[in-house]
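A.B. asks: Below: sequence and its predicted model.
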Amino acid sequence: MSMQAEPAGAPPPPEAEQVRQGKAAISAGARQERRLGWLLCAPAVLVMLAVTAYPIGYAVYLSLQRYDLRFPGQADFVGLSNYGAVLSSSFWWDAFWVTLFITAVSVAIELVLGMGLALVMHRTIFTRGVVRTSVLVPYGIVTVVAAFSWQYAWTPDLGYLAELLPEGEAPLTERWSALWIIILAEVWKTTPFMALLLLAGLALVPEETLKAAMVDGATAWQRFTRIMVPLMKPAILVALLFRTLDAFRIFDNIYVLTQGAQDTGSLSILGYDNLFTALNLGIGSAISVLIFICVAIIAFTFIKLFGAAAPGAEVKR
Amino acid sequence: MFAVLPLLASLLAACGGDEDSGPPTLNWYNFPDDSGALQKAADRCSQASGGRYRISYNKLPRAADGQRQQMVRRLAAEDSSLDILGLDVTWAAEFAEARWIREWTGTAKQQAIEGTLAVPLQTSTWKGKLYAVPYNTNTQLLWYRSDLVPTPPTTWAQMLDMARDLDRQGKPHYVEIQGAQYEGLTVWFNTLINSAGGSILNPSATEPSLGPPAVQAATLMRDVATSVAADPSLSNQMEDQNRLAMESGVAAFELNYPFVYPSMRTNNPELFRNFRWAPYPRVDADRPARPTIGGIDLAVSAYSRHPDLAFEAALCLRNRENQLTAALEGGLPPTLRALYDDAAFIKEYPFAKEVLAALESASVRPLTPAYQNISIAISHTLSPPSGINPVSSVDTIREQIDEALRSEGVIP
């Protein structure tokens, strides 16, 4: 690009000028390149704006309205009162604590199991392909399909897991047993994803460092906690962040397993019910925006907590 | 990227394009029927139209919530491929207020009203205008075992006494009723509050009515749930679990829809010999019970491209012949008064007289666009029935109905 900007066959300018002009020519070229860069990515930016910024903006706008599809004539601007209604509702807080509980417990279990699986996948030398493939099978199954098989498995007279329980037990109709089944389905499904992200982190740990530590007499546990974990910190952060954000928005497993009955509904279920069953776009959008804010807070907290290990932190160094 | 749009547009046009050749297709969306009666009606009406239209029967999901969600989603997007909609009796007000369905006027309205039972007609009326035509109706009766109970009880108090007696004698004594946290629990409450002379909303559906009859209804529900008459799994029971419990022989009474009758004949011929029916028990001895009605109303979508044909086709689908087929093959009680005197119908429905009597004194669930919220507020507050605190539960219901009518409430 900058080459073409140079006029062909022009007489060579004096040396001092050549330097100055050269510099100017480069920056002009760079400017042009930058403009081309913007032009090239403009379609992508426009599409992104259309598919993300617009819906988010529209949801925020709707959340400030009394807008109920069933009363189209009564649509009106109501300021923040939808947020007041949601935040003062016990249903919001019930769903909030349920969501938090499911997120914390399932992500903790996934981290431990995922680390175990990652180590197995990393260390396996023979049949590595088979091991990796079989570990990934649950992640490859559609969540709703898996959730239905869990539902049938836990239905009395129908499922093999319900068979193991005493007669007359219907675990999906009791709050706590249903919550644990939801967590089980979630862990089963997404541990492979966690393992995959951690495996990428394990690949960053230099073999020589581990060997040197071994020579120095470090036990396997010491090598794990003192060398591998610190070196894997960025990968762990990414894995935890991704999974926490995902788990916080949990919907499909609950939708299939309990439909949110017996107070097992998450925030996403609450939003869905208010949008699609109550057709209340105002309240429903306020719930969606609040979920969005929660997710932003989680992401921000993670970055702050892990500080320098955050992705992109290296650039600032 | 923009080059793709014309392509997409032509694809979309191609999807709806098959209507250009041959008679217009009217899409009828209704609950999934396994008996074949609905398909038969669609075929008959297509035939009878003499090539002016063809009705395509499209099955909605099995669960009522799924049916409503599919239709609502598509109507909100102004989908023109829906013509005739099978609405649950509690949806007409909501769809009408949202302007998703057309008002019935003129001759179509006359034909819709003529010979139709009054209470089902109420469910398809909103703000004095007719928005749908009743297709089928339904109501509960008291089913009992004559080997345990020689004369059926006429009030809830009598029924609970009988259950206690049977319990003392060590005989099956449960009263089977819908106690799970769902629509069925709201129906139970609605039946009791109306039987006690009250209602959930005021006549103009602008605010809750409730009052002493509501407290009386809630008290009765708690008393049933905490008595020996209650099935241990009451708080998880819906119609089908009630039916199965009765068929297994643990219960003496069952409040349920007539589908339990053919089922008992097939599943337990032994018990069937003593399986009898009676009017729904009263709350007050001197006031007839007012059981809640169910059923389907047919409406014409506001976005239909052939509204005139759709009105005509909807009337055909619920004419005498097709309602009789639906009753005999699908077990759906008709909404045309005359059919209750039809010999073929009475033969299949030995309880036709009691069903008709129940329908004539029946109550409807609150007619309001906010019905979904109100129903959820009621079933959520009254579940489990054994935990009801009559006065404070009714207060909670009142608050939540108030919020729902102002579309301010968050629903669980």
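C.D. replies: That came through fine.

A.B. asks: Show me the shaky parts of the stretch 51-200 of chain A.
C.D. replies: Within the stretch 51-200 of chain A, the segments meeting pLDDT under 70 span A:157, A:168.

A.B. asks: and if you look at chain B?
C.D. replies: B:1-21.

A.B. asks: what does the domain assignment say about it?
C.D. replies: B:24-137+B:294-360, B:141-292+B:370-405 (automatic domain parsing).

A.B. asks: Out of these, flag the one nearest A:Thr124.
C.D. replies: Closest approach to A:Thr124 among these (Cβ to Cβ): domain B:24-137+B:294-360, 45.2 Å. C-beta here means a position set from N, CA and C on the backbone, and glycine is covered the same way.

A.B. asks: quick one: the closest one near chain A?
C.D. replies: Yes. Interface with chain A: domain B:24-137+B:294-360 contributes B:Asp65, B:Arg68, B:Gln69, B:Val72, B:Arg73, B:Ala76, B:Glu94, B:Glu97, B:Ala98, B:Arg99 (Cβ under 8 Å from any Cβ of the partner chain).

A.B. asks: In terms of pLDDT, where does A:Gln18 sit?
C.D. replies: Note for A:Gln18: predicted pLDDT of 49.

A.B. asks: which of the residues of domain B:24-137+B:294-360 next to chain A are buried?
C.D. replies: Among the residues of domain B:24-137+B:294-360 next to chain A, those classed as buried by 16 or more other Cβ atoms under 10 Å in any protein chain shown are B:Asp65, B:Arg68, B:Gln69, B:Val72, B:Glu94, B:Glu97, B:Ala98.

A.B. asks: What is the nearest of those residues to B:Arg406?
C.D. replies: Relative to B:Arg406, and with distances defined as Cβ to Cβ, the nearest of these is B:Glu97, at 14.3 Å.

A.B. asks: Pretty sure the closest one sits against B:Leu367.
C.D. replies: No. Proximity of B:Glu97 to B:Leu367 does not meet the contact threshold set by Cβ atoms under 8 Å, at 10.6 Å.

A.B. asks: Mutual contacts of these two, please.
C.D. replies: B:Trp126 (Cβ atoms under 8 Å, 6 or more residues apart in numbering or on different chains).

A.B. asks: How about the contacts made by the residue of the stretch 151-300 of chain A found nearest chain B?
C.D. replies: Here the stretch 151-300 of chain A gets closest to chain B at one residue, A:Ala278, 4.9 Å apart by Cβ to the nearest Cβ. Going by Cβ under 8 Å, 6+ apart, A:Ala278 touches A:Asp68, A:Gly284, B:Gln372, B:Asn373, B:Ile411.

A.B. asks: how about 7 Å then?
C.D. replies: B:Gln372, B:Asn373, B:Ile411 (Cβ atoms under 7 Å, 6 or more residues apart in numbering or on different chains).

A.B. asks: nearest to B:Thr266, of the residues you listed?
C.D. replies: Using Cβ to Cβ, those come closest to B:Thr266 at B:Gln372, 34.8 Å.

A.B. asks: Validate this expectation: the closest one resides in a helix.
C.D. replies: Yes. B:Gln372: assigned to a helix according to DSSP: H, G, I helix; E, B strand; the rest coil.

A.B. asks: Please report how far it lies from chain A.
C.D. replies: Using Cβ to the nearest Cβ, to the nearest Å, B:Gln372 is found at 6 Å from chain A.

A.B. asks: Ok, B:Gly211 next?
C.D. replies: 25 Å.

A.B. asks: So what's the residue count around the closest residue in space to that residue that isn't next to it in sequence?
C.D. replies: Spatial nearest neighbour of B:Gly211, excluding adjacent residues (Cβ to Cβ, 6 or more residues apart in numbering or on different chains): B:Gly198 at 5.8 Å. Around B:Gly198 there are 18 other residues, counting by other Cβ atoms under 10 Å in any protein chain shown.

A.B. asks: OK, contacts around B:Gly198?
C.D. replies: Counting by Cβ under 7 Å, 6+ apart, B:Gly198 has contacts B:Ser209, B:Leu210, B:Gly211, B:Pro213, B:Ala214.

A.B. asks: Ranking by neighbours, what's the top pick from these?
C.D. replies: B:Ala214 (26 neighbours).

A.B. asks: Mind telling me what element that one is part of?
C.D. replies: B:Ala214 is part of helix B:212-226, with elements assigned from DSSP states H and E.

A.B. asks: so how far is whichever helix or strand comes after that helix from its chain's centroid?
C.D. replies: Per DSSP H and E, helix B:212-226 leads on to helix B:239-248 as the next helix or strand towards the C-terminus. In terms of Cα atoms, centre = their mean, to the nearest Å, the centre of helix B:239-248 is set 19 Å apart from its chain centre.

A.B. asks: Of the contacts of B:Gly198, which is the nearest to B:Pro120?
C.D. replies: B:Ser209 (22.1 Å).

A.B. asks: Same list (the residues of domain B:24-137+B:294-360 next to chain A) but as TSV, adding secondary structure.
C.D. replies: Formatted as TSV, the residues of domain B:24-137+B:294-360 next to chain A follow (three-state DSSP):
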residue	secondary structure
B:Asp65	helix
B:Arg68	helix
B:Gln69	helix
B:Val72	helix
B:Arg73	helix
B:Ala76	helix
B:Glu94	helix
B:Glu97	helix
B:Ala98	coil
B:Arg99	coil
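
A.B. asks: Tell me which two in those residues are the farthest apart.
C.D. replies: Largest pairwise distance in those, by Cβ to Cβ, is 22.1 Å, between B:Asp65 and B:Arg99.

A.B. asks: Now do the strands in the chain.
C.D. replies: Chain wasn't specified; assuming chain A. Along chain A, the stretches classed as strands by DSSP state E are A:65-66, A:76-77.

A.B. asks: other chain: chain B
C.D. replies: B:25-30, B:54-59, B:84-88, B:125-126, B:129-130, B:133-138, B:141-145, B:174-176, B:251-256, B:275-278, B:294-300.

A.B. asks: Which single residue in the stretch 201-350 of chain B comes nearest to chain A?
C.D. replies: Counting by Cβ to the nearest Cβ, the stretch 201-350 of chain B gets nearest chain A through B:Asn236, at 5.4 Å.

A.B. asks: Could you report the neighbour count for that residue?
C.D. replies: 18.
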